[in-house]
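> fold the following and give me the result.
(chains A and B)
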Amino acid sequence: MDLVLNAGPVVKLVLLILVYFSVVSWAIIIYKQLTVHRAIRDSDRFLEFFWSKKRFDAIGQGLGEFRHSPLTVLFREVYHELAQDRQQLEGQEGDNLVADLGKQERVARVLRRSTTSEGHRLEKYLSFLATTGSAAPFIGLFGTVWGIMDAFRGIGESGSASLAVVAPGISEALVATAIGLVAAIPAVIGYNHFVNKINVLSGEMDNFSQEMLNIVQRMSLGK
Amino acid sequence: MPLRMNKSYHDDNKFGRFLLISLLIHGLLWIALAANWFGTARRVKPPVYYVDLVHKPVLKPQAGRPDSRPVKQSKPAPPKPKPIPEVTPVKTVTPVEPKPQPTVTPPAQQQPKPAPEVRPNQKLQSALDEIRERQARQAERDALKAKLAALQQSATIPDDVPVGMPDGSGTEVGVSALAFVQAYIQQNWALSPYLLANPSRMGSIEAKVLLVYAADGRLERFRILEASGDSQFDDSIKKAITKSQQLPQPLPQRVELSVLFNLKEMAQARR
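Model (predicted):
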């Protein structure tokens, strides 16, 4: 602790920046752990629920139990689109093939848009982790270099080159690199972990989109 | 049933709560690192006592009989005159002579040999008397020396009196302000590699410094009495003294010390 308190102003500033990086990184890690874990858990449960039901209406009423799954968002959007479509069709007399083809196209667009927006939501704040992982060691290194420069200037002024004079300055300077690494290591680990989990979720969303499109197509053909 | 999701459906707006949790974790980590969990004696500095075991009686040694070697330097004179008056009474105790005489008699027996050859000559007789007298005196002196040695060895001072100084109080045995101050300054002395470059010259580099310390351990003033001639060494000594402006413990009284700093000794002590 004394090492931190006795450091020079520039090193202290660097340490403050690194502490900020570390605090925000850990907040993101905890937040992401919670959201991604819930998303995976609810998605698995939703898929089971989805395939156990035969009607969209029944699925739509049970969505409240899977609030955190991105797949529910996809389903809601498609359901909404189909409901709108049904309302329009009810207003018109008769039935035509062009309208059915247009419906499939619209559902596909809705699914693409929802997948993208959910992907963005899941990846939110992850860029900060990546920045911390790559930049924090360099910021720490800058603090160390500055601290060592200060230490050598002190040695030059005192005229004494004994270990007792040199060592404290260098150890104070090295604290910056240490804290930079302490901030960066969890950020890098967290980033890789969450990117992997989000990739899994993206895959699930893509698969679900394909399934939804197939269902909509079957609905159109079976009509 | 609401079909569209509003934005607050997910917990995106609660990120501030996680920031607070993270801050809390960092604060706890800081406290955990600052705390001394394993009870290492990093903060409790043990008291350092500077004790000179070589020159034990220093300021006020223990009260008692002046025994052992150091006493010989300070008060050797009074015991010597004492035996001298004792010598005079021994003169009356000349009967001690018989003892050495038997040893002397052999030469006396040898003397008669020339006697038959040389006529009783007055000069010869006087010379013989002189020799006898000298031998007797020598024997007397030897006997006295033996007696003196015996007297010194036998306990003239009672054994139950403790070793020390007659006027001592015994409160400051083994405490040397000089040794303590010198050791402390030496601790603060930085060894310059330039001075050690020429080891053959090291022995001749020494400086004598007058140091005046107040009773509370504060340096009042200092003056270099004899400079070493080497400016670097003098500077290093000055630096060490300015570093030692406050001693870690108070002294028994205000002291004026003349301390000799020798580069070779200090370098050896440093190792």
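> can you find the helix or strand in the chain with the smallest mean pLDDT?
Using chain A here. Within chain A, no helix or strand scores below helix A:2-5, which has a mean of 70 by mean pLDDT, DSSP states H and E.
> hmm, no, I was thinking of chain B.
Lowest-scoring helix/strand for chain B, mean pLDDT, DSSP H and E: helix B:83-92, at a mean of 43.
> before we move on, which element is residue A:206 in?
Following DSSP states H and E, one finds residue A:206 within helix A:163-222.
> what is that helix packed up against?
helix A:2-5, helix A:9-52, helix A:70-91, helix A:97-123, helix A:126-158 (3 or more CB pairs under 8 Å, 6 or more residues apart in numbering or on different chains; DSSP states H and E). Every C-beta, even on glycine, is put in place using the N, C-alpha and C of the backbone.
> what's the closest of those to residue B:188?
helix A:126-158 (13.1 Å; CB to CB).
> quick one: average confidence on that closest one?
Averaged across helix A:126-158, the pLDDT comes to 89.
> low pLDDT regions in the chain?
As the question left the chain open, I've gone with chain A. A:1-3, A:89-101, A:158-162, A:164-165, A:222-223 (pLDDT under 70).
> oops, chain B please
Those would be B:1-13, B:36, B:38-120, B:153-176, B:191-203, B:269-271, if you go by pLDDT under 70 across chain B.
> so which bits of chain A are right by chain B?
A:1, A:19, A:22-28, A:30-31, A:34-35, A:60-61, A:67-68, A:73, A:76, A:79-80, A:83, A:121, A:124-125, A:160-162, A:164-165 (CB under 8 Å from any CB of the partner chain).
> need the contact list for residue B:189.
B:236, B:237, B:239, B:240, B:266, B:270 (CB atoms under 8 Å, 6 or more residues apart in numbering or on different chains).
> residue nearest the middle of chain A, spatially speaking?
The C-alpha lying nearest the average C-alpha coordinate of chain A belongs to residue A:123 (CA atoms, centre = their mean; 2.9 Å).
> just give the closest residue to that one, not the sequence neighbours.
residue A:198 (5.9 Å; CB to CB, 6 or more residues apart in numbering or on different chains).
> got the contact list for residue 206?
Chain wasn't specified; assuming chain A. residue A:115.
> wait, chain B
Applying CB under 8 Å, 6+ apart, the residues contacting residue B:206 are B:228, B:260, B:261, B:262, B:263.
> doesn't the third one lie inside a helix?
No - assessed with DSSP: H, G, I helix; E, B strand; the rest coil, residue B:261 is strand; it does not lie in a helix.
> then stretch B:257-264 to PDB, C-alphas only?
What follows is stretch B:257-264 as a C-alpha-only set of coordinates in PDB (Å, rounded to 0.1, in the frame of the first residue of the first chain):
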ATOM      1  CA  LEU B 257      32.300  12.800  20.800                       C
ATOM      2  CA  SER B 258      35.400  12.700  18.600                       C
ATOM      3  CA  VAL B 259      34.800   9.900  16.200                       C
ATOM      4  CA  LEU B 260      37.300   8.400  13.900                       C
ATOM      5  CA  PHE B 261      35.900   7.100  10.600                       C
ATOM      6  CA  ASN B 262      38.200   4.700   8.800                       C
ATOM      7  CA  LEU B 263      37.200   3.700   5.200                       C
ATOM      8  CA  LYS B 264      38.700   0.200   5.400                       C
END
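> what's it in contact with?
Here stretch B:257-264 has contacts from B:177-178, B:181-182, B:185-186, B:195, B:202-203, B:205-213, B:225, B:228, B:230, B:233, B:237, using CB under 8 Å, 6+ apart.
> related to what we said a few turns ago, the contacts of residue B:206, buried ones only, as a ChimeraX selection?
ChimeraX command restricting the contacts of residue B:206 to the buried ones, with burial defined by 16 or more other CB atoms under 10 Å in any protein chain shown:
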select /B:228,261,262,263
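> name the element the closest residue to chain A within the stretch 151-271 of chain B belongs to?
Per CB to the nearest CB, residue B:190 is where the stretch 151-271 of chain B lies closest to chain A, at 4.8 Å. Using DSSP H and E, residue B:190 sits within no helix or strand.
> quick revisit: let's have the contacts of residue B:189 in TSV, adding secondary structure.
Shown next, in TSV, are those (three-state DSSP):
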residue	secondary structure
B:236	helix
B:237	helix
B:239	helix
B:240	helix
B:266	helix
B:270	helix
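> chain A next: which of these are close?
Among these, chain A is touched by residue B:239 when using CB under 8 Å from any CB.
> show me which of the contacts of residue B:189 are buried.
Judged by 16+ other CB under 10 Å, buried ones among these: B:236, B:237, B:239, B:240, B:266.
> what's the most distant pair in these?
The most distant members of the buried ones among the contacts of residue B:189, if one measures by CB to CB, are B:239 and B:266, lying 13.0 Å apart.
> before we move on, back to that, could you give the number of residues near the residue of the stretch 151-271 of chain B closest to chain A?
17 (other CB atoms under 10 Å in any protein chain shown).
> what of residue A:66?
Residue A:66 - counted by other CB under 10 Å - has 25 other residues nearby.
> residue contacts, it?
Counting by CB under 8 Å, 6+ apart, residue A:66 has contacts A:42, A:43, A:45, A:46, A:49, A:72.
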